[in-house]
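# prediction below, plus the sequence it came from.
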4 protein chains.
Amino acid sequence: MLSSIDVKLVYGVAEPTHFCLHLQVADHADQHVREERLQVQPPLPLHDYRDAVKGNRFVRFDAPKGLVHVQYQAEVEVHYEIPAPGLGEAPVNQIPDEVLHFLSPTRYCESDLLGNAAQQLFCKAAPGLERVQAVSDWIHDNIAYTPGSSDATTTAQQIFVQRQGVCRDFAHLGVTFCRALNIPARLVAGYVFFDEPPQDFHAVFEAWLDGRWVLFDPTRMAPVERLVRVGTGRDAKDVAFATLFGKASLVSKDITVRESVGQPAAAAQGAARQPQLRAVG
Amino acid sequence: MLSSIDVKLVYGVAEPTHFCLHLQVADHADQHVREERLQVQPPLPLHDYRDAVKGNRFVRFDAPKGLVHVQYQAEVEVHYEIPAPGLGEAPVNQIPDEVLHFLSPTRYCESDLLGNAAQQLFCKAAPGLERVQAVSDWIHDNIAYTPGSSDATTTAQQIFVQRQGVCRDFAHLGVTFCRALNIPARLVAGYVFFDEPPQDFHAVFEAWLDGRWVLFDPTRMAPVERLVRVGTGRDAKDVAFATLFGKASLVSKDITVRESVGQPAAAAQGAARQPQLRAVG
Amino acid sequence: MLSSIDVKLVYGVAEPTHFCLHLQVADHADQHVREERLQVQPPLPLHDYRDAVKGNRFVRFDAPKGLVHVQYQAEVEVHYEIPAPGLGEAPVNQIPDEVLHFLSPTRYCESDLLGNAAQQLFCKAAPGLERVQAVSDWIHDNIAYTPGSSDATTTAQQIFVQRQGVCRDFAHLGVTFCRALNIPARLVAGYVFFDEPPQDFHAVFEAWLDGRWVLFDPTRMAPVERLVRVGTGRDAKDVAFATLFGKASLVSKDITVRESVGQPAAAAQGAARQPQLRAVG
Amino acid sequence: MLSSIDVKLVYGVAEPTHFCLHLQVADHADQHVREERLQVQPPLPLHDYRDAVKGNRFVRFDAPKGLVHVQYQAEVEVHYEIPAPGLGEAPVNQIPDEVLHFLSPTRYCESDLLGNAAQQLFCKAAPGLERVQAVSDWIHDNIAYTPGSSDATTTAQQIFVQRQGVCRDFAHLGVTFCRALNIPARLVAGYVFFDEPPQDFHAVFEAWLDGRWVLFDPTRMAPVERLVRVGTGRDAKDVAFATLFGKASLVSKDITVRESVGQPAAAAQGAARQPQLRAVG
């Protein structure tokens, strides 16, 4: 799968503001960046930061008063391996040291509060892939996708109570249930094509099953194997697409994702330039 | 059913404290008080208050530093009419004016937050008695009775999340679901015999169905038709057995409930004095 | 003070909906209704309900699909007695039985959680009027009036944390602090003229001091002695201007309040018809 | 300063349980471990894990049913440099990439909710050391140290409301205020001698000021320069002294810390063996 991404953001800066953007696709074994370009207008000195462990990439800069235009374009090949059915669940004593902390509750994922509920709902599912799929299915069936029903401070516990949210909330609840079931889990933010609602940043979750991370999308808005990964984190705070220090606000956001399937490299490049299959804008 | 109640409370008063006790059985059509006695040691001027609308009774007094012994004894006939199966649910426009406010959320019953969850869980149950019974059954099946898992500030929302609580919490969640389903509901505190856990004040809920209030006990600790009603309220705050203003603490609490079934009045009196059937102490 | 009120509400009813409106000015010793009129279009059978204890008035009706226009007009004389400085605070044992429950926490006023904070902030203020004034001043100085920062589920605890809200939230926090200080308090909703923000329903709180209820407005948007009282309640749920059961939404809301000062009755009537002093609309 | 630490823990294991203990003192530039010993009875295969970035150390093992005795002893030299007065505060654009994430809210530190309160309380303090000292002082003056008033799920927001907690809560609130003020902050767990309450694990916080981490202890239970660091983390979850997966409970906990001041190494060793200065047990 070859994905072509075009992100255009405009910010109105009322007072000098420090930007930390997280738009660039991740350094990750499952994807290969053919080309990419990040442009900021007015031209400002940009500072790049790559998190060696997670592969997340950030760009930081100081913006003066006025409008700031950000454009990010990338062409990325994604090669996600869909796990075989029956993938198992590592017993806790076999979870690697560096993965263990993905069992801990975080700001938006109060797995310490939802332990009983998780046991009740998912104790009968077979361990492993099947159980996490049951988690993802339960969220899809019981949480309504309702734009505007949550905000940047909403947590998984609130979503469990109010039974509505957006992709970020669906993913947080998935992370939370998994951790409560002693399955390491984390949030993944990225780009993927979907028909509706309007194209936007997307969030899914991944669970650590039998030695690998497996992606799940409880919104079912797009197949996870098409997701172009931007960030991996404990929860949404780690992978916010923009963190602003100062006084600025988003004026417009325009995200386009185009996808074309597995041609030979040369043809795919062409396809990437003039994709035929599906497009939003 | 004739119930014999004996409550012994001892308070340690560190500084002069104003007591408002709510131990006496309610003025209520479903029960008849044969005899009762409230004693406070040291002897203090007691002020009695009867809430004409709810039938709740309070006794208020000022206690000096030292120990305060309170004993309340009563013999009460309870005649609760078990509703016929199929009892319906009043449409909102037929709920009487003075009952309507029992649809409102209260401190411990956030029915405004649990609306979607209630719809999801109980929309398929037949309206009326059957639906409220489904509410009560769900609570029994999904909330663990766990002494110590909640405290005086715990709300229905928290119980829904943590999936454990005590009788008060079970009743609050029942009240909350009902209100969220547009069924007026309220908390009822009282005395009833149960084998275990140790005899204590009890709390259940009642729902307004087709012109009458119907009792439900999601703990299933005792048949509701045996409950001797002390208080009726919006939630636990309205029917707390003791509210203290000052510096005092409960040193000991000893509640005995004895029950004997339907003899003629004379015999029942004897039975009440020397009950044969079941006793706790 | 003579106030002239004109409320125009338009609802879009998507499915038959039961309305319970609470727009009419209260039966209350401090105010006299010279004339008033409530109109609903299309003409529907209206059911009036007056709460004998609180003086709150409600009108209930069933609305069919379509637009519903509600207009309420009233001319009301308000005679609120401003309390003398130094008004004291009743010790708890002298709070009347029927007032005592205004010490209890409610859905939006978690006075049981804010006890320590209230003691810390206000223990040094002189008891009585001065202390409640300190509460009201603290709220004015520490909570930002920020439309959109809260919603219908926001509680006093959240306001205390987030430090912003609207009039309803300011009043809830006032109620909460008072109750935490053992001063009975309640919410009052009504109409009052203010320059900005745009004219709307208003909410203040009142505290029970030495035998009477005293009004406080922590927003300082208008003098409390000008408030035309609509409702008195434990918190906002008791005095919501509209409670809808069904599927309907508010399409437009237009509130006009005109005030004219104390002429003789005849002149005042004229003044009410053609008020000269201040007007919004 | 030379500190001698002796920790004895006994666990009752009801079902096979995986232990992850975090008792060993950290790999950290400010301290030097002269000797240490960790013993587990019964003898079990232990797996050691050192987090290269934070210096935290963990030991993991599987425990069978029965009693598990853990003893950890260490002698540690601490050389913490007390910062000079007037230490400044880095502007956000000068905070290093790898420190920036310590501005994010975490499970127990909702800095996203307490932004306005932090601004209100500390905007007038001079930036840098003085401001964070003001944060620490405010916590000391406004939060009561009350064992039993919080539990493992209590967050900084709750502490801000309830105004009581223990060292962990004090530290969380310090972390939260700092992050809300755009000062990176984190939790530090360790051992330090204090007279009362009974010796236990301790928690403080540290803030990133002008290029270095500076310790603060809002409880004022012991001078921070004496703290032997065990763990550094985003909040308490990262540095829990024990995380158990299975069914086990702590039966007894006995912590002894002895301190002796700056002798030459040889003498200090002796002092460590037979400390004269101060001891708890």
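Nice, thanks for sending it over. Just so you know, these numbers come straight off a predicted model, no measurement behind them. Numbering: from 1, shown residues only, chains lettered A, B, ... in the order given.

# from now on I want contacts and neighbour counts done on CA atoms only, so please keep to that.
Will do.

# and A:I159, which of the three is it?
When classified by DSSP: H, G, I helix; E, B strand; the rest coil, A:I159 comes out as helix.

# count of neighbours near it?
Residues within reach of A:I159, counting by other CA atoms under 10 Å in any protein chain shown, total 21.

# tell me who's in contact with the residue lying farthest from the centre of chain A.
Distance to the chain centre peaks in chain A at A:K65, reaching 30.4 Å (criterion: CA atoms, centre = their mean). Contact analysis of A:K65 by CA atoms under 8 Å, 6 or more residues apart in numbering or on different chains lists A:12-17.

# switch to 6 Å and redo it
With contact set as CA atoms under 6 Å, 6 or more residues apart in numbering or on different chains, A:K65 has these partners: A:13-16.

# among the residues you listed, which ones are buried?
Using 16 or more other CA atoms under 10 Å in any protein chain shown as the burial test, the contacts of A:K65 include A:V13 as buried.

# and the contacts of A:K65 as TSV, adding pLDDT and distance to chain C?
Formatted as TSV, those follow (pLDDT from 0 to 100; distance: CA to the nearest CA, whole Å):
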residue	pLDDT	distance to chain C
A:V13	98	21
A:A14	98	19
A:E15	98	21
A:P16	98	24
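
# is the spatially most central residue of chain A bridged to anything, and to what?
Nearest to the mean C-alpha position of chain A, by CA atoms, centre = their mean, lies A:A189 at 1.3 Å. Counting by DSSP bridges, A:A189 is bridged to A:A203, A:G231.

# state the distance from it to A:Y80.
For A:A189, the distance to A:Y80 equals 15 Å [CA to CA, to the nearest Å].

# can you give me the helices in chain A?
In chain A, the segments counted as helices under DSSP state H are A:97-100, A:115-122, A:129-142, A:156-162, A:167-180, A:265-273.

# let me see the domain layout of chain A.
Here the domain assignment for chain A is A:2-79+A:240-279, A:92-238, based on automatic domain parsing.

# out of the ones you listed, deepest packed?
Stretch with highest mean neighbour count among the domains of chain A: domain A:92-238 (a mean of 21; mean count of other CA atoms under 10 Å in any protein chain shown).

# what does stretch A:107-125 rub up against?
A:105, A:131, A:155-156, A:172, A:176-177, A:179-180, D:106-107.

# let's go with 8 Å and repeat that
Contacts for stretch A:107-125 (CA under 8 Å, 6+ apart): A:104-105, A:131, A:134-135, A:153-157, A:172-173, A:175-177, A:179-181, A:235-236, B:142, B:161-163, D:105-110, D:153.

# who are the contact partners of A:F177?
Residues in contact with A:F177 (CA under 8 Å, 6+ apart) are A:111, A:114-115, A:118, A:135.

# show the end-to-end separation of stretch A:148-156, please.
End-to-end for stretch A:148-156, by CA to CA: 16 Å.

# thinking again about what came up before, reformat the contacts of A:K65 as CSV; add distance to C:V228.
Formatted as CSV, the contacts of A:K65 follow (distance: CA to CA, whole Å):
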residue, distance to C:V228
A:V13, 44
A:A14, 41
A:E15, 43
A:P16, 47
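
# with respect to chain D, which of the contacts of A:K65 is nearest?
A:P16 (11.1 Å; CA to the nearest CA).

# and the pLDDT at the closest residue to A:F193 other than its chain neighbours?
Counting by CA to CA, 6 or more residues apart in numbering or on different chains, A:V257 is the residue found nearest to A:F193 once chain neighbours are left out, at 5.3 Å. pLDDT for A:V257: 96.

# again, but for A:P127
pLDDT for A:P127: 97.

# ok, it - contacts?
So A:P127 contacts A:88-89 (CA under 8 Å, 6+ apart).

# chain D versus A:F58, what's the distance?
Counting by CA to the nearest CA, to the nearest Å, the gap from A:F58 to chain D is 9 Å.

# just for the stretch 1-150 of chain A, where's the confidence low?
Across the stretch 1-150 of chain A, nothing is flagged by pLDDT under 70.

# what parts of it come near chain D?
By CA under 8 Å from any CA of the partner chain, the residues of the stretch 1-150 of chain A that approach chain D are A:18, A:49, A:61-62, A:92-93, A:97, A:101, A:104-110, A:112-113.

# out of those residues, list just those in strands.
A:18, A:49, A:61-62 (DSSP state E).

# which one of those is nearest to chain C?
When these are compared against chain C (criterion: CA to the nearest CA), the nearest one is A:H18, at 23.9 Å.

# quick one: contacts for the closest one?
A:H18 neighbours (CA under 8 Å, 6+ apart): A:60-63, A:244-246, D:92-93.

# how far away from the center of its chain is stretch A:185-194?
Offset of stretch A:185-194 from its chain centre (CA atoms, centre = their mean, to the nearest Å): 3 Å.

# contact partners of that stretch?
A:5, A:25, A:102-103, A:171-172, A:175-176, A:178-179, A:199-208, A:221-222, A:226-236, A:239, A:257-259, A:279-280.

# can you rerun that using 6 Å?
With CA under 6 Å, 6+ apart as the test, stretch A:185-194 has contacts from A:102, A:175, A:201-207, A:222, A:227-235, A:257.

# which residues are in contact with A:Y145?
A:Y145 neighbours (CA under 6 Å, 6+ apart): A:164-166.

# what about A:Q94, distance to D:L215?
36 Å.

# now do the nearest residue to A:H140 once chain neighbours are set aside, the pLDDT please.
Distances taken as CA to CA, 6+ apart put A:P218 closest to A:H140, at 5.1 Å, once the chain neighbours are dropped. With respect to pLDDT, A:P218 scores 98.

# from memory A:P218 sits against A:A134, does it?
No: counting by CA atoms under 6 Å, A:P218 sits too far from A:A134 to count as a contact (9.9 Å).

# phi first, then psi, for the residue of the stretch 101-250 of chain A found nearest chain D.
In the stretch 101-250 of chain A, the residue that lies nearest chain D is A:R107 (3.7 Å; CA to the nearest CA). With angles defined as degrees, to the nearest 10, A:R107 sits at phi -50, psi -50.

# look up how far chain C lies from it.
17 Å.

# same thing with A:F245?
19 Å.

# give the closest residue to that residue in space, chain neighbours not counted.
Nearest to A:F245 is A:H18, by CA to CA, 6+ apart, at 5.0 Å.

# okay, and the beta partners of the one you found?
With DSSP bridges as the rule, A:H18 is bridged to A:D62, A:F245.

# what sits closest to A:V135 if chain neighbours are left out?
A:V135's closest residue in space is A:G174 (CA to CA, 6+ apart), at 6.4 Å.

# local confidence estimate at the one you found?
For A:G174, the predicted pLDDT is 98.

# repeat that for the one 4 residues further on.
At A:C178, the model reports a pLDDT of 98.

# can you check A:A171 too?
98.

# surely it is in contact with A:A207?
No: using CA under 6 Å, A:A171 is not in contact with A:A207; the gap is 10.9 Å.
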